[in-house]
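**Student:** What follows is a predicted protein model with its sequence.
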Amino acid sequence: AFEGQDRFRIMAWGRAAIYIRDLQKDLTSVAEQGKLEDIPGIGKDLSEMIAEYVRTGKMKRYERECRGIPQTLIDLMSIPGLGPKTLALLHRELHIDSLADLEKCLETERLATLRGFGRKKIDNIKRGIDLWVASQRRMLLGVAHPLAENLLAQIRANKLIERADVAGSLRRRKETIGDLDVLIVAKDGPLAVSYLTRLPIVKQILETGETKAAVLIEGGIHLDIRAVARESYGAALQYFTGSKQHNIHLRKLAREQGLKVNEYGVFRGNKRLGGEDEADIYGALNMRVMPAELREDRGEIEAAIGGKLPKVVDFTDLRGDLHTHTTWSDGKSTMEEMVERAAELGYGYIALTDHSPSERVAHGLDRGRLEKKFEEVGRLRRQRKNSPSHILMGAEVDILGDGKLDYPDDILARLDIVVAAIHSGFRQSRKQTTGRLLDAIANPHVDILAHPTGRLLGSREPLDLDFDRVLRAAVEARVALEINGSMYRLDLNDVMARAAREAGALFAIGSDAHSAAQLDQIRYGVFQARRGWVEPRSVVNTWPWARLTRWLMRTGS
Ligand code: DGT
Ligand code: CA
Ligand code: CA
């Protein structure tokens, strides 16, 4: 296309591509049976090229055409608003071969010197670049999840649409999301798909067809929409929820039992056994439906067959939050506001764990201010008569560079709850870091190890530490490991949480809220805990007040 070949052939190939994409059969088997030419729009030429591709994974003709065209230029084709014709012109006139070249020409206004490149067109290209750059990144679950909830509410509000769900990594609550996958059942699929592409949240349409569309929504998020038949909804939901590894394992199992599972249903020979609900698929393989968070092929299939699926923790199991900040340190809400919101969430208790003095930027509390906070907490308790929520006077205490804690033992002993955490010295050796954490765990006043690896998604690597040793010490001392709900932390991660679960660890799921509204972000901690197969009985903040306080006083301090 860059070379300016005839438009009709390009259009014909484009049509053929749509037929192939919407094909209800596996292209490989069609090719193997030599029936490619039965597909509308595919003639001898194309069928030969497709057969070659299926056989060898390559197309000689395509490679010949692409020779001499830099891959970085071909990549630019995926930018919304930049077609092959425009790109060919930019390449010829301004020698633009890559995104960097294009951005430079935009900056220096050289693009404006070309004929036909008015303000509007240039702004359009800039917007396209922004969207495209954003869509190349994985986004945080904490960003994608609220957007997806909002989107689903809009979709479900439409009367055309009978069922709608988000599948893919978002449904599995992975900590980062590549793109959103939405499935719908509608009375009129094509109409519903075209309605969805016209929602105000949609910023750019990448592809549309009868039963599917790909669009970019706010924030440059890529969204795949698929309309499926009602009787296939469960099969499609199962398939598009993934993970890919989980699906591969499931299909292998099906084959061994003489069954076939695909996104349309579960079949024995030509007989369709079901597919309207996910339970049809798993049921045919003698499994109960498992929470989507488990579907990573990490033993969940074996567990389901053996009837040994874990009963993972859920929000409704939580009775309180043990990691929160108030205006006493770097929080935005007062103690009263935090306690109020905790009561609204139905909690029986909340710990107010402001920072210790070494956290100067976070206004950590020195001895003097800490004494005042003790008094204020006492006053608040009397005023509220401990109802509906118990208030725990706590602190998030720094584990200093040498492993000592940031408050002396006499203060730690008076606190109802001590949450210890590393906030500095991230570059220490594995030996030093492990030693610091072991020292903290060995302190009898420490109850919870907060965000144990210190990682920040996308900006800070986890601490270099001997996790097995830290884990064994924590299990031994009955110190709980936190699963932190901040979308940037989600620390422990899923794999470590799972290892900790197998080792018999205690957990605390904490919001690390810095405002009353952020108490809700505990949900992300719950998601991560579920991905780690964590069960409510090992999560200390699912325990009733009496049991919690017994645990807090376990070392007689
Ligand atoms: P993402 O978007 O990168 O965060 O991850 P996913 O898991 O959402 O992946 P995506 O959007 O590429 O595909 C959605 C689901 O579709 C995926 O979880 C499983 C299924 N799927 C996609 N490609 C394949 C495949 O080649 N084989 C199998 N068995 N399943 C696939
Ligand atoms: Ca996805
Ligand atoms: Ca996708």
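**Tutor:** Ah, there it is. The structure displayed is predicted, hence computed values, not measured ones. Ligands and ions are numbered 1, 2, ... in the order given.
**Student:** Where does pLDDT dip in this structure?
**Tutor:** Low-confidence segments of the chain (pLDDT under 70): 1-8, 22, 24, 135, 386-387, 556-557.
**Student:** Next to ligand 2, which bits of it? Give me the list.
**Tutor:** Listed as neighbours of ligand 2 in the chain under the rule CB under 5 Å from the ion: 168-169, 178-179, 181. Bear in mind the C-beta positions are built from the backbone N, C-alpha and C, glycine included.
**Student:** For beta bridges, what are the partners of the residue lying closest to residue 492 once chain neighbours are set aside?
**Tutor:** Once flanking residues are discounted, residue 492 sits nearest to residue 483: 5.4 Å by CB to CB, 6 or more residues apart in numbering. Residue 483 has these beta-bridge partners by DSSP bridges: residue 509.
**Student:** Let me know the secondary structure of the closest residue to residue 34 other than its chain neighbours.
**Tutor:** Computed as CB to CB, 6+ apart, the closest residue to residue 34 that is not its neighbour in sequence is residue 51, at 7.9 Å. Under DSSP: H, G, I helix; E, B strand; the rest coil, the three-state class of residue 51 is helix.
**Student:** Where do the helices of the stretch 201-350 of the chain begin and end?
**Tutor:** With DSSP state H, counting those that start in this stretch as the criterion, the stretch 201-350 of the chain has helices at 233-241, 244-256, 278-284, 300-305, 335-344.
**Student:** hmm, back to that, which pair of the residues of the chain next to ligand 2 spans the longest distance?
**Tutor:** Maximum pairwise distance in the residues of the chain next to ligand 2, criterion CB to CB, is 9.5 Å, between 178 and 181.
**Student:** Show me whatever sits in contact with both of these two.
**Tutor:** Shared contacts of residue 178 and residue 181 (CB atoms under 8 Å, 6 or more residues apart in numbering): residue 168.
**Student:** Mind checking which of those two has more residues around it?
**Tutor:** residue 181 (24 against 17; other CB atoms under 10 Å).
**Student:** ok, now which ones touch the more buried one?
**Tutor:** Taking CB under 8 Å, 6+ apart as the test, what residue 181 contacts is 166-168, 170, 223-224, 226, 240.
**Student:** same for ligand 3: which of those residues are within range?
**Tutor:** residue 224.
**Student:** before we move on, back to that, show me what contacts the residue nearest to residue 492?
**Tutor:** Contact analysis of residue 483 by CB under 8 Å, 6+ apart lists 490-492, 497, 507-510, 525, 528-529, 532, 534.
**Student:** Neighbour-wise, which one of those residues leads?
**Tutor:** residue 525 (34 neighbours).
**Student:** ok but that residue is inside a strand, no?
**Tutor:** No - per three-state DSSP, residue 525 lies outside any strand segment and is helix.
**Student:** Just confirm it contacts residue 507, I think it does.
**Tutor:** No - judged on CB atoms under 8 Å, residue 525 makes no contact with residue 507 at a distance of 9.2 Å.
**Student:** Contacts only, for the one residue in the chain that gets nearest to ligand 2.
**Tutor:** Proximity of the chain to ligand 2 (CB to the ion) peaks at residue 168, 3.2 Å away. By CB under 8 Å, 6+ apart, the contact list for residue 168 reads 177-181, 240-242.
**Student:** Same question for residue 522.
**Tutor:** Residue 522 neighbours (CB under 8 Å, 6+ apart): 315, 318, 321, 485, 509-511, 513.
**Student:** can you do 7 Å?
**Tutor:** By CB atoms under 7 Å, 6 or more residues apart in numbering, the residues touching residue 522 are 318, 321, 485, 509, 511.
**Student:** now it: how far from residue 371?
**Tutor:** The spacing between residue 522 and residue 371, counted by CB to CB, to the nearest Å, is 29 Å.
**Student:** residues from this structure in reach of ligand 3?
**Tutor:** So the chain meets ligand 3 at 179, 181, 224 (CB under 5 Å from the ion).
**Student:** now, which of the residues you listed lie within strands?
**Tutor:** Of the positions in the residues of the chain next to ligand 3, 181, 224 sit in strands, assigned by DSSP state E.
**Student:** Most proximal residue of the protein with respect to ligand 1?
**Tutor:** residue 242 (1.9 Å; CB to the nearest ligand atom).
**Student:** Next up, the contacts around that residue.
**Tutor:** Applying CB under 7 Å, 6+ apart, the residues contacting residue 242 are 168, 172, 295.
**Student:** all strands for the stretch 401-550 of the chain, in order.
**Tutor:** For the stretch 401-550 of the chain, applying DSSP state E, counting those that start in this stretch gives strands covering 417-421, 448-449, 480-484, 507-510.
**Student:** circling back: what's the closest of the contacts of residue 168 to residue 452?
**Tutor:** residue 177 (23.9 Å).
**Student:** quick one on the thing from earlier: most neighbours among the contacts of residue 522, which one?
**Tutor:** Busiest of those [other CB under 10 Å] is residue 509, holding 31 neighbours.
**Student:** I figured that one hits residue 542, correct?
**Tutor:** No - Residue 509 is beyond contact range of residue 542, at 8.4 Å (criterion: CB atoms under 7 Å).
**Student:** Return every residue with contacts to both of these two.
**Tutor:** residue 318.
**Student:** can you give me the strands in the stretch 101-250 of the chain?
**Tutor:** 139-140, 161-166, 176-177, 180-186, 202-208, 212-217, 221-227.
**Student:** Name the surrounding residues that touch the third one.
**Tutor:** Where contact means CB under 7 Å, 6+ apart, the residues beyond strand 176-177 that reach it are 138-141, 144, 169-170, 457.
**Student:** Partner strands of that strand, with direction?
**Tutor:** Take DSSP bridges as the rule and strand 176-177 pairs in its sheet with strand 139-140 (antiparallel).
**Student:** Residue 327 and residue 337 touch, don't they?
**Tutor:** No - Residue 327 lies out of contact with residue 337 (CB under 7 Å); the separation is 8.7 Å.
**Student:** circling back: so which of the residues of the chain next to ligand 3 also contact ligand 1?
**Tutor:** When contact is defined as CB under 6 Å from any ligand atom, the residues of the chain next to ligand 3 meet ligand 1 at 179, 181.
**Student:** can I get the residues of the chain next to ligand 3 in TSV with distance to residue 307?
**Tutor:** Converted to TSV, those look like this (distance: CB to CB, whole Å):
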residue	distance to residue 307
179	35
181	30
224	35
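**Student:** on that earlier part again, how close does the residue of the chain closest to ligand 1 sit to residue 293?
**Tutor:** 12 Å.
**Student:** and for the two, which residues touch both?
**Tutor:** residue 172.
**Student:** which residue sits closest to residue 61, ignoring its sequence neighbours?
**Tutor:** That would be residue 49: by CB to CB, 6+ apart, it lies 6.0 Å from residue 61.
**Student:** quick one: the one you found and residue 59 touch, right?
**Tutor:** Yes - if you go by CB under 7 Å, residue 49 and residue 59 touch, sitting 5.4 Å apart.
**Student:** Tell me how many other residues surround residue 309.
**Tutor:** 19.
**Student:** Could you count how many residues lie near the nearest residue to it once chain neighbours are set aside?
**Tutor:** Once flanking residues are discounted, residue 309 sits nearest to residue 303: 5.0 Å by CB to CB, 6+ apart. Using other CB under 10 Å, residue 303 has 17 other residues around it.
**Student:** Flag every residue of the stretch 201-350 of the chain that's near ligand 1.
**Tutor:** So the stretch 201-350 of the chain meets ligand 1 at 239-240, 242-244, 247-248 (CB under 6 Å from any ligand atom).
**Student:** Can you tell me which of those residues are classed as buried?
**Tutor:** 239-240, 242-243, 247 (16 or more other CB atoms under 10 Å).
**Student:** Was I right to think residue 487 contacts residue 142?
**Tutor:** Yes - shown here, residue 487 and residue 142 form a contact pair, counting by CB under 7 Å, at 2.4 Å.
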